[in-house]
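Q: My questions are about this predicted structure, shown below with the sequence.
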Amino acid sequence: MVQTVRLEGNLIDITGNRVDASTSVTVKKPAPELGPGHNVTTTQPERVDIGPDGEFFLEVVQGVGWLYINGNGWSDSIKFIAAEGMTKLWEAVLNALP
């Protein structure tokens, strides 16, 4: 059974902009390997629901994922690595730093 990690975040903390400055937020979740060998597993980006105050949560498996944020005339891609015991998105973002 694949264990999931629930990561909480706030869009304002990530972008430094007002919530309405972002036009869309999607996540490409980590994907579990399906078996031995060199299998490639992909997932499609999914829409992230953002609360009026900018809060959101992601339910992901452990591993590397990407948060995509788009605004009028700008976009950003934020890498994260989710691990057991994490509860905040910023922990997973720090975990992805070299």
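A: Alright, I've got the coordinates.

Q: Under the pLDDT cut-off, which ranges of this protein? List them.
A: For the chain, the stretches with pLDDT under 70 are 1-2, 32-42.

Q: most centrally placed residue in the protein?
A: Leu67 (4.0 Å; Cα atoms, centre = their mean).

Q: need the contact list for the residue nearest to it when sequence neighbours are not counted.
A: Of all residues not flanking Leu67 in the chain, Ile78 sits nearest, at 4.4 Å (Cβ to Cβ, 6 or more residues apart in numbering). In this view, the C-beta of every residue, glycine as well, is placed from N, C-alpha and C. Counting by Cβ atoms under 8 Å, 6 or more residues apart in numbering, Ile78 touches Ile14, Trp66, Leu67, Tyr68, Ile69, Val93.

Q: Tell me the first helix or strand C-terminal of whichever strand or helix holds Ile78.
A: Assigned by DSSP states H and E, Ile78 belongs to strand 74-82. Next along the chain after strand 74-82, taking DSSP H and E as the criterion, comes helix 89-95.

Q: Any chance you could list what contacts that next one?
A: In contact with helix 89-95 (Cβ under 8 Å, 6+ apart) are residues 5, 7-9, 13-14, 58, 65, 67, 78-83, 86.

Q: let's go with 6 Å and repeat that
A: Leu7, Gly9, Phe80, Ile81, Ala82, Met86 (Cβ atoms under 6 Å, 6 or more residues apart in numbering).

Q: Ok, stretch 20-31 next?
A: 41, 43, 45-48, 50, 58, 60-61, 63-71, 82.

Q: Quick check: end-to-end length of that stretch?
A: 30 Å (Cα to Cα, to the nearest Å).
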